[in-house]
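*Asks:* Take this sequence and fold it.
(chains A, B, C and D)
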There are 2 protein chains.
Amino acid sequence: MLSQSELNTAKRSVLFRNVPDQMLQNLLSDSHKRKVARGATLFVQGDPATHMFVILEGCVKLIRITPGGEEIVVAVYSEGDSFGEAVALKGGQYPVTVEAVQDSVLLQVETRVVFDTLRSDPDLAVAMLSSTFSHLHELVMEIENLKALSGAQRLATFLISLAPVEDGPCSLVLPYDKVLIAKRLGMKPESLSRSFANLRKQGVSVKRQSVDVDDITQLKEFVSDDA
Amino acid sequence: MLSQSELNTAKRSVLFRNVPDQMLQNLLSDSHKRKVARGATLFVQGDPATHMFVILEGCVKLIRITPGGEEIVVAVYSEGDSFGEAVALKGGQYPVTVEAVQDSVLLQVETRVVFDTLRSDPDLAVAMLSSTFSHLHELVMEIENLKALSGAQRLATFLISLAPVEDGPCSLVLPYDKVLIAKRLGMKPESLSRSFANLRKQGVSVKRQSVDVDDITQLKEFVSDDA
DNA sequence: GAAGTTGATTGACCAAGATCAAGCCCTTGG
DNA sequence: CCAAGGGCTTGATCTTGGTCAATCAACTTC
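*Replies:* You can find the predicted model right below:
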């Protein structure tokens, strides 16, 4: 049911990385592959949490809809990322809505299966707590960024996280469109535009989806400066 | 070693609430009570994560120190709350610094003990995943609030969370000083002052640590309005 | 009880980002 | 080839919250 490359993606995922092969077989044999088209909704906030997910291919966004109808992007996950681990166990309701940003393939594992496996093997618990902790850590940094950094600095942080190198020049491709990037960074598309314009002084040039950075180190310094 | 009331607090905590008595005994017998004075640091970000904690008494803040030396408040926890569950298992480093806001008493459980208990009883795993998920959920809402609400609206949300009633009038006492509340809400003390002044129109009056609200429902509407 | 300290408030000013509006470029479909 | 629409950028203007500074009240401390 899973192709070899999908299986490899699953094995490399943060969630399953430390799970013994034997148990992984067990889990995977009882789970389903689900394809979702770009723009399709996986579940909405308030739905009973019946599954946890691993992304085999593509990209989804976790959003919250405010009482006023505005869409807040909480996180964007792509290949190898997992979500819903903790809530699936707690047995409550999903706190966010998840929508596919691109055509995507997901592995979906039923709560019941996870629950049973957990009883028979505590290593899975450690793996799940581990990956949940990664999410926790990401959210903590997200809050720090929102509270302490300017829009242009948040954008710089985002570019640094995309960069394939630690220092020096590089080019990269934006993983999704600018409207989504803006929401992800907590600003309006117009402000994102201006932030990009701002970063030109720091050696960043953009052309459509592709970005060239003269020097990643310079960007890092720009983020650290809180003048 | 634990007083009766401390034991009760531990039993009522989100983390231990669903843990069978027998196992709880086991965990508690192998853990230590730790007293920290107001202002004292429990651990700093980057320290190896060796323990998880339950607050028996008092109040702590989870903070991050930015490269520029600024202090960002990620969360404030008090009696019955736990933290460090997930990272204790992951075995990495604490992502935040924790400092006591008041003189406090904490239950501290060694990673090794948790790890061992986890192997012998999966119920603890579910309990830990559950409380970790609560933290995750709080952070998600925190991000939503930061991205979507104004300062005064965030303050209103905070007051609503403190209120003992669901609607109608009420009075409440601010749990810690305004500088900390301001940081918690992601603003400067001056802005908090102005936000309080703003809320006067919504029937909120403040005098030192005590707040009177004419109508909680009115506050809820104020938060929902995103005009 | 005078002086200094800390926490809170207020005002004047400034900067970052939101909003509203216009326009451009690129794709898509007739 | 042209029209239409979406994605992106730019400009003008306004709102929010930050900064700096003055003031005041409540508490220590000497």
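*Asks:* Can you tell me the centre-most residue of chain A?
*Replies:* Against the mean C-alpha coordinate of chain A, by C-alpha atoms, centre = their mean, the closest residue is A:Tyr77 at 2.2 Å.
*Asks:* for that one, what are its contacts?
*Replies:* The contact partners of A:Tyr77, taken as C-beta atoms under 8 Å, 6 or more residues apart in numbering or on different chains, are A:55, A:59-62, A:83. C-betas here are computed from N, CA, C, even on glycine.
*Asks:* any chance of those in TSV, with secondary structure, neighbour count and distance to DNA strand C too?
*Replies:* Below are those laid out as TSV (DSSP: H, G, I helix; E, B strand; the rest coil; neighbours: other C-beta atoms under 10 Å in any protein chain shown; distance: C-beta to the nearest atom of the strand, whole Å):
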residue	secondary structure	neighbour count	distance to DNA strand C
A:Ile55	strand	22	25
A:Cys59	strand	19	19
A:Val60	strand	24	22
A:Lys61	strand	20	18
A:Leu62	strand	22	19
A:Phe83	strand	25	25
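*Asks:* Would you agree A:Val140 is in contact with B:Tyr94?
*Replies:* No - taking contacts as C-beta atoms under 8 Å, A:Val140 lies outside contact range of B:Tyr94: 10.5 Å.
*Asks:* so where do the strands sit in chain A?
*Replies:* A:32-36, A:41-43, A:51-57, A:59-65, A:71-78, A:82-83, A:97-100, A:104-110, A:170-173, A:204-207, A:210-213 (DSSP state E).
*Asks:* okay, the ones you listed in CSV with mean pLDDT and distance to B:Ser31 next?
*Replies:* Formatted as CSV, those follow (pLDDT from 0 to 100; distance: least, C-beta to C-beta, whole Å):
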stretch, mean pLDDT, distance to B:Ser31
strand A:32-36, 89, 41
strand A:41-43, 91, 38
strand A:51-57, 91, 30
strand A:59-65, 91, 35
strand A:71-78, 90, 34
strand A:82-83, 90, 31
strand A:97-100, 92, 38
strand A:104-110, 91, 33
strand A:170-173, 91, 47
strand A:204-207, 89, 50
strand A:210-213, 91, 49
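*Asks:* Relative to A:Arg154, which of those is closest?
*Replies:* Closest to A:Arg154 of the strands of chain A, according to C-beta to C-beta: strand A:71-78, at 12.7 Å.
*Asks:* how many other residues sit next to A:Asp21?
*Replies:* 9 (other C-beta atoms under 10 Å in any protein chain shown).
*Asks:* any idea how far DNA strand D is from it?
*Replies:* 42 Å (C-beta to the nearest atom of the strand, to the nearest Å).
*Asks:* Would you enumerate the residues in contact with A:Thr97?
*Replies:* Per C-beta under 8 Å, 6+ apart, neighbours of A:Thr97: A:41, A:43-45, A:62-65.
*Asks:* now, which of those residues sits nearest A:Leu118?
*Replies:* A:Phe43 (21.6 Å).
*Asks:* Just the pLDDT at A:Glu221, thanks.
*Replies:* On the pLDDT scale, A:Glu221 is placed at 90.
*Asks:* still on that earlier bit, restrict the contacts of A:Tyr77 to those near chain B?
*Replies:* A:Leu62 (C-beta under 8 Å from any C-beta of the partner chain).
*Asks:* Throw the contacts of A:Tyr77 into TSV and include distance to DNA strand D, thanks.
*Replies:* Below are the contacts of A:Tyr77 laid out as TSV (distance: C-beta to the nearest atom of the strand, whole Å):
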residue	distance to DNA strand D
A:Ile55	22
A:Cys59	15
A:Val60	17
A:Lys61	14
A:Leu62	19
A:Phe83	24
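*Asks:* Between the contacts of A:Tyr77, which sits nearest B:Gln25?
*Replies:* Using C-beta to C-beta, A:Phe83 comes nearest to B:Gln25 of the contacts of A:Tyr77, at 35.2 Å.
*Asks:* The longest helix seen in chain A and DNA strand D in contact?
*Replies:* If you go by DSSP state H, chain A has its longest helix at helix A:122-148. No - Helix A:122-148 stays clear of DNA strand D (C-beta under 7 Å from any atom of the strand), getting no nearer than 8.1 Å.
*Asks:* domain parsing for chain A?
*Replies:* A:4-147, A:149-224 (automatic domain parsing).
*Asks:* out of the ones you listed, deepest packed?
*Replies:* Mean neighbour count, computed with mean count of other C-beta atoms under 10 Å in any protein chain shown, is highest for domain A:4-147 among those, reaching a mean of 18.
*Asks:* What separation is there between A:Val211 and DNA strand D?
*Replies:* Taking C-beta to the nearest atom of the strand, one finds A:Val211 at 10 Å from DNA strand D.
*Asks:* residues in contact with that residue?
*Replies:* A:159, A:171-174, A:204-205.
*Asks:* what about 7 Å?
*Replies:* A:159, A:171-172, A:174, A:204 (C-beta atoms under 7 Å, 6 or more residues apart in numbering or on different chains).
*Asks:* closest to B:Glu221 among those residues?
*Replies:* When the contacts of A:Val211 are compared for distance to B:Glu221 (C-beta to C-beta), A:Leu174 wins out at 39.2 Å.
*Asks:* and the closest one, how far is that from B:Ile181?
*Replies:* According to C-beta to C-beta, to the nearest Å, A:Leu174 and B:Ile181 sit 38 Å apart.
*Asks:* A:Asp47 now?
*Replies:* For A:Asp47 relative to B:Ile181 (C-beta to C-beta), the value is 34 Å.
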